[in-house]
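> model this:
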Amino acid sequence: MNRLIRVLVAGAFVAAACGDANAQTVAKYSTPTINDIVHWGMKLYKERVESRVGKDLRIDIYPASQLGAIPRVVEGVQLGTIEMATLPPEFMVGLDSRFGVISAPALFENVMHGYLTTHDPEFKKAYWSLGDAKGLHVFRIECTVQAVVVMKKPFTGLDDFKGMKIRSFPSPIERETFKRLGSTVAPMPLDELATGLQQGVIDGAKSGAGVFTAFKVYNIAKTMVRLNDTLVCPVHFANKAWFDKLPQTVRNAIDEEGQAVDLANNWRALEDDEYQGSVWKTNGGQEVTLTPEQRADMEKRLASVGEDVTASDPAAHKMFELMRSVAQRTKAAAISIR
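Here you go, the predicted model:
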């Protein structure tokens, strides 16, 4: 009887071990947006990674903040309750102020310029490793979104921003940018944006056109101003402890397919931006492009924001200077591509 019990127990351990070995790893992948260029890229990424690694990894996408508000998602990835997520890096300045330098205005000519800069080996080595000490592994950065501002009143010029409360990203650079336009920044979760506009808690909001069309903001705020002062460059990151335990083949797929999708998404973004503008106008919205004089005025006001904001933060200033140097080096190539 004792021998039989030992055999049964041993068999149970073997079965459990085999079950663990054959169990599929599942990753929850979170984003605050839905049906926009970022969400589209995540779907392509899922397809490419799963096709490459077979049954070794399944990626489940959770758009529209289904796994919680942005701060909770960051905490979730750090703790490992969420495996993967994407956010604009401005929401990560609480972890490291250097994350916020990407939003410095008047640096990028177009989305391909953002891609070439953020994927440049020199910048990548310095910036993509920022999350390591915080338990995060960065595997994608896509500069796929030109910044626009929506507001409820008509737009006649930059002075219209005076006294406005704008929902934007919670970083010192964003605050200073709108301060120089006469506005104040009111951080707010994306899923509260529409209600905030309806109730007058905010007067406008900054993001990408695809975000505003997906949430049908044209029903509340009719004016979309193509400020294009900077790009929105979502950072995609994973729990580092989880990532480090994956088989090497899966880790390679996560990193390599991520960079391939970033490039594919940037090409798609060139067309998507125009499409989102047409959706906005089809639904009764007004799309405004700055005149050459207005753009020159804006660039004059904002040109030194990155330099001035990071001046008192040596680490962030060094990262900003590196990004500016790389951006200058990649500018000609970006213009030729566009």
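> for the record, mean pLDDT for the strand or helix carrying Gln78?
Here Gln78 is covered by helix 70-79, with elements defined by DSSP states H and E. For helix 70-79, mean pLDDT rounds to 96.
> please apply the same query to stretch 31-40.
The average pLDDT for stretch 31-40 rounds to 94.
> now what about it, what contacts it?
Residues from elsewhere that reach stretch 31-40, judged by CB atoms under 8 Å, 6 or more residues apart in numbering: 42, 61-65, 70, 73, 85-87, 142, 144-145, 189-191, 208, 210-211, 213-214, 234, 265, 268-269, 272, 276. C-beta here means a position set from N, CA and C on the backbone, and glycine is covered the same way.
> just the ones of the residues you listed in helices?
Met42, Ile70, Val73, Gly210, Val211, Thr213, Ala214, Asn265, Arg268, Ala269, Asp272, Gln276 (DSSP state H).
> after the helix or strand harbouring Ile173, which helix or strand is next?
Element membership for Ile173, per DSSP H and E: helix 172-179. Next along the chain after helix 172-179, taking DSSP H and E as the criterion, comes strand 184-185.
> off-centre distance for the next helix or strand after that next one?
Scanning forward in sequence from strand 184-185 by DSSP H and E, the next helix or strand is helix 193-199. The chain centre lies 22 Å from the centre of helix 193-199; the measure is CA atoms, centre = their mean, to the nearest Å.
> low-confidence stretches in this protein?
Applying pLDDT under 70 to the chain flags residues 1-22, 338.
> list the contacts of Leu290.
Contacts of Leu290 by CB under 8 Å, 6+ apart are Val225, Arg226, Leu227, Asn228, Met298.
> and which of these is nearest Leu322?
For these, the minimum distance to Leu322 (CB to CB) is 23.3 Å, reached by Asn228.
> quick check, that closest one in contact with Val148.
Yes. If you go by CB atoms under 8 Å, Asn228 and Val148 touch, sitting 7.4 Å apart.
> between those two, which has more neighbouring residues?
Comparing Asn228 with Val148 by other CB atoms under 10 Å, the one with more neighbours is Val148, at 26 against 19.
> before we move on, back to that, starting at the chain centroid, how far to the helix holding Ile173?
18 Å.
> restricting to C-alpha, output it in CSV.
The C-alpha coordinates for helix 172-179 follow below in CSV (Å, rounded to 0.1, in the frame of the first residue of the first chain):
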residue,chain,number,x,y,z
PRO,A,172,6.6,69.6,-16.6
ILE,A,173,7.2,70.1,-20.3
GLU,A,174,3.5,69.9,-21.1
ARG,A,175,2.7,72.3,-18.3
GLU,A,176,5.2,74.8,-19.5
THR,A,177,4.1,74.4,-23.1
PHE,A,178,0.6,75.4,-22.3
LYS,A,179,1.7,78.1,-19.8
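> who's in contact with that helix?
90, 93, 97, 100-101, 103-105, 161, 166, 168, 184-185, 206, 229-230, 302, 305-306, 308-310.
> just the buried ones among these, please.
Among the contacts of helix 172-179, those scoring as buried are 90, 93, 97, 100-101, 103-105, 161, 166, 168, 185, 206, 229-230, 302, 305-306, 309-310 (criterion: 16 or more other CB atoms under 10 Å).
> tally of neighbours for the closest residue to Pro189 other than its chain neighbours?
Nearest non-adjacent residue to Pro189, counting by CB to CB, 6 or more residues apart in numbering: Ala69, 4.7 Å away. Residues near Ala69, counting by other CB under 10 Å, number 13.
> gap between the residue positioned nearest the centre of the chain and Val145?
A centroid search over the chain (CA atoms, centre = their mean) returns Pro234, at 1.5 Å, as the residue closest to the centre. Pro234 is 8 Å from Val145, where distance means CB to CB, to the nearest Å.
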